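# When you get a sec, could you give me coordinates for this:
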Amino acid sequence: MQKTSTASAAQGTDLELLSINTIRTLSMDGVQAANSGHPGTPMALAPVAYTLWNERMAYDPNDPFWPNRDRFILSCGHASMLLYSVLHLSGVKQYKDGKPTGELAVPLEHIKKFRQLHYRCPGHPERTETTGVEITTGPLGQGVATSVGFAIAERWLASHFNKPGFNLFSYNIYALCSDGDMMEGVSEEGASLAGHLKLSNLCWIYDDNHITIEGHTDLAFSEDVGRRFEGLGWHVVKVPDVNDLDALRAAYKSFLATDDRPTLIIVRSHIGYGAPHKQDTHEAHGSPLGPDEIKLAKKFYGWPEDAQFLVPEEVTANFAKGIGARGHAASAAWRALFAKYQQEHPDLASQWRLMEARELPPGWDKDIPVFPADAKGVASRTSGGKVLNAIAKNIPWLIGGSGDLAPSTMTTLTFPEADGSFEPDHYSGRNFHYGIREHGMMAAVNGMSLSNVRAFGATFFVFCDYLRPALRLASIMQLNSVIVFTHDSIGVGEDGPTHQAIEHLAAARAIPGLIVLRPGDANEAAEAWRTIVQLKNRPAIIILTRQNLPTLDRAKYAPAAGARRGGYVLADAAGGKPDVILMATGSELSLIVDAYEQLTKDGVKARVVSLPSWELFADQDQAYRDEVLPPSVTARVACEAAEKFGWERFLGPTGAFVGMKGFGASGPYAQLYKHFGITTENVVKAAKELVGNK
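Got it, this is the predicted structure:
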């Protein structure tokens, strides 16, 4: 039996409705052709996409990387056909390696191949695939949380670069989100931070359609979202009917007129709008409508029922006159303004060019300290903080902060040019306070990285679990986001097993593309930072200690520069032909150095290999890796205050592991190392057993 529609009829001129219905029908047809996808939300939100893109956004389809463009983030990424349809109709051009390819980012033939391999319309939008997709938004909540980083970056860029007569950065960020986004915890973290920072350049558009995959939202979600956001310091506007175009336009104007807080526009929509049997049901959410239902929906729209992937010429002309003409004029004006800016502010203009290219300024590494040998040593969080400050002083756009732990992570930028803290009344500060919002912090760092600033966050290593989803997305998007992790393992001591990261190294190393660095002394920490800041397309984490680490005598042992290659021979047997290889990372490096000295005295030929980054070591050619770890030497001992998982690749079937076999405990760290058997004596014992010298 056919349902009776409870939605009001669409409003607007014939051309506006034709354009909106083109978005709807392209979305339906794409999902149906793939026999997979989410048609209902694009059908419902087509009026939002049309009015925002064709009437409001500052965006040039021919210059999609124009720096002062508005950003659009589809946080409800399952509705990807909505974005692909708009990118196609807007005529957004595809770029590769920073240059136009001469083709559309989303040609019609790619929409026809929605969700198919080697086409630019994947199931969820992917930044690295399709020009016009600002961010990869897979899991719900990530898009809106990351949008906060976009908004932060715009405020910092404006404060740093804008000068009288040169308003270079003034763009807005629009994020389209769903009920699912609102339920995810990371969106709450992002909304709370945005409200505190009064990011008035940020607008979330909430699709209030009352439907999730399981059914009506009443099953699990009954809060008053508007009141929640008002409590978070947001300006809230309600649009009772998504088909009321004038109400949508008024809501956008209200956002633009609000200069003291972010805006949430709550739009009441009807999922699967126009589909007589599936509108307002979960059946329109996650599966194709079916040919018969599509024909009925098209009939409701006044569309040719048998037409598929129909794009009327009037619609493309409408978008060309709208976003095309408006965006071109705005981007051309900006380019002309920047040309004058280069003449009057050449140093700042040069900075921006370097940022766009992800390059570094001359002399960025000139102040990196060299730490003298010191048996007592220093915690790598302390040496790491000194190196961070030495580098950041010479890279003006290296900015970041901690999740309420800066005094412990040692990540505060203390030199005068750091200009204090980034706060609502002081957007020029380079020190950020993310609060106890680790997941939101990582998402914000990603948004900042997507905006060409060099961003970092910091927290204890155990909280890697809290931010892992956003860290994974940083790698998928090939960002150069950075997180500083301290308090790396049982060296945390008395805080106990809940705060002692045991399995986290293995989990981090499992993320493809992520660079994991666990330096073993102060000079390796310096080399780790030297490596990190040069990365362009890979995220990195640096894992540092709370406890002191001896600073090795580099006149006696190999230079720390070897750490740049991920693994290197730190000390070797006489003649360079070892009987046993000792391997370690981070805080256990000095322990195996002591074992090496003992073994050498006892006549055992040993080699010490420092492996601060397995990923960088894997990037080296096979000849180098075999030089460091000769395949012929199968007697190998690895030592790490973590789970063994992953070490098999270096140990082989006969190697020994000295490390953790379970969770930690509460007590002074030196006692814990002895309690868990992570000692020089046990490394020596294991090595002697392997070479038969018991």
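
# Then His110 would be within a helix, right?
Yes: residue state for His110 (DSSP: H, G, I helix; E, B strand; the rest coil) corresponds to a helix.

# Verify the stated contact: it with Cys121.
Yes: counting by C-beta atoms under 8 Å, His110 does reach Cys121; the two are 5.0 Å apart. Glycine gets a C-beta too; all of them are placed from N, C-alpha and C.

# Which helix or strand lies directly C-terminal to the helix or strand of the chain with the lowest mean pLDDT?
The helix or strand of the chain with the lowest confidence, counting by mean pLDDT, DSSP states H and E, is strand 211-212 at a mean of 70. Next helix or strand after strand 211-212 toward the C-terminus (DSSP states H and E): strand 215-216.

# between His110 and Cys121, who's got more neighbours?
Shown here are His110 and Cys121; by other C-beta atoms under 10 Å, Cys121 has more neighbours (29 against 22).

# So that one is in contact with Lys113, correct?
Yes: Cys121 is in contact with Lys113 according to C-beta under 8 Å; the separation is 6.7 Å.

# So which residues of the stretch 1-150 of the chain form strands?
Along the stretch 1-150 of the chain, counting by DSSP state E, counting those that start in this stretch, strands occupy 71-74, 93-96, 99-104.

# So for Lys198, which of those strands sits nearest?
With C-beta to C-beta as the measure, strand 71-74 is the member of the strands of the stretch 1-150 of the chain nearest Lys198 (18.5 Å).

# okay, the strands of the stretch 1-150 of the chain, which one's buried deepest?
Most buried of the strands of the stretch 1-150 of the chain by mean neighbour count (mean count of other C-beta atoms under 10 Å) is strand 71-74; its value is a mean of 25.

# mean confidence score for that one?
Mean per-residue pLDDT for strand 71-74: 98.

# what sits in contact with each of His110 and Cys121?
Tyr84 (C-beta atoms under 8 Å, 6 or more residues apart in numbering).

# on that earlier part again, could the strands of the stretch 1-150 of the chain go into CSV alongside distance to Glu189?
Shown next, in CSV, are the strands of the stretch 1-150 of the chain (distance: least, C-beta to C-beta, whole Å):
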stretch, distance to Glu189
strand 71-74, 16
strand 93-96, 32
strand 99-104, 37
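
# Report how many residues lie close to the residue nearest to Trp66 when sequence neighbours are not counted.
Among residues not flanking Trp66 along the chain, Ser331 sits closest, at 4.1 Å (C-beta to C-beta, 6 or more residues apart in numbering). As a burial measure, Ser331 scores 22 neighbours (other C-beta under 10 Å).

# Okay, now stretch 366-375: how far is its last residue from its first?
Chord length of stretch 366-375, first to last residue, is 26 Å (C-alpha to C-alpha, to the nearest Å).

# got the contact list for that stretch?
Contact partners of stretch 366-375, identified using C-beta under 8 Å, 6+ apart, comprise 378, 383, 386-387, 390-391, 393-394, 521-523, 526, 529-530, 550-556.

# about what we covered before: element containing the residue nearest to Trp66, please.
helix 325-344.

# List of residues touching stretch 33-40?
By C-beta under 8 Å, 6+ apart, stretch 33-40 touches 27-28, 30-32, 78-81, 112-116, 123, 209, 211, 271-272, 275, 278, 284-289, 308.

# buried set for it?
Neighbour counts over stretch 33-40 (16 or more other C-beta atoms under 10 Å) mark 33-34, 37-40 as buried.

# Backbone dihedrals for Tyr174, please?
Phi and psi for Tyr174, reported as degrees, to the nearest 10, are phi -110, psi 130.

# so the residue nearest to Trp66 sits right up against Asp60, yeah?
Yes: counting by C-beta under 8 Å, Ser331 touches Asp60, with 3.9 Å between them.

# Show me where the stretch 401-550 of the chain dips below the pLDDT cut-off.
The stretch 401-550 of the chain contains no residues with pLDDT under 70.

# Tell me where it has strands.
For the stretch 401-550 of the chain, the strands defined by DSSP E, counting those that start in this stretch occupy 431-433, 454-460, 482-486, 515-517, 540-543, 548-551.
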